[in-house]
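Chemist: I'd like to go over a predicted model; first the sequence, then the structure.
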Amino acid sequence: MVVVRKLRPEDDLTPVLELCREFFAEYQSHHKEFFDTDNLSYSDIIGRFQESVQSSSCATIIALIDNTIVGYSSITIREQPRFYKIKKVGVISALMIKKEYRRCGIATRILNEANLFFREHGIKYYTFYTAVTNQAAVRLYEKLGMAPLHLSFIGET
């Protein structure tokens, strides 16, 4: 049985940190010049997860199977510059499911929980970034009703 909920202060962060390293390693495969996962330590990323259990404007959503964390997403509420019509927007900055548990509906459940968090905080819209080469993720997000907002380009000098 899959349980999806917010990360709690008493939860062991080690499985989330391991998934986060996997996330960066997988993302690095799409952007080889951006990340150096060989030099990524838990101390580089632990603060984000510790903050998420203490703050009301961000959270880490986790998925557990038999009390083992098999997926997570980092979410936050961001203030927009004053010239935006939408003053606050939700941001999903990571979504990672262990490979052996993908295509089982876990990502959808995590995203539904993120949506609930945003609605509870009066947030109408959220953004989500992914690599354009991550076609499995792009198909999932489109299937869930998300639409492209903008396209970022990278150039080399």
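Modeler: Cool, got the structure. Because the structure is predicted, anything quoted here is derived from the model rather than measured.
Chemist: Quick one: mean pLDDT over the longest helix belonging to the chain.
Modeler: The helix that spans the most residues within the chain, counting by DSSP state H, is helix 14-30. Across helix 14-30, pLDDT averages out at 80.
Chemist: who touches the very next helix or strand once past that helix?
Modeler: Helices and strands here follow DSSP states H and E; after helix 14-30, the next one along the chain is helix 42-52. Applying C-beta atoms under 8 Å, 6 or more residues apart in numbering, the external contacts of helix 42-52 come out as 7, 13, 16-17, 20-21, 58-60, 74. (C-beta placed from N, C-alpha, C; glycine too.)
Chemist: quick one: helix 42-52 to helix 14-30, angle?
Modeler: 120 degrees (axes from the mean of the first three to the mean of the last three C-alpha atoms, to 10 degrees).
Chemist: Direction included, what does the next helix or strand after helix 42-52 pair up with?
Modeler: Downstream of helix 42-52, the next assigned helix or strand under DSSP H and E is strand 58-65. Counting by DSSP bridges, the strands paired with strand 58-65 are strand 2-6 (antiparallel), strand 68-79 (antiparallel).
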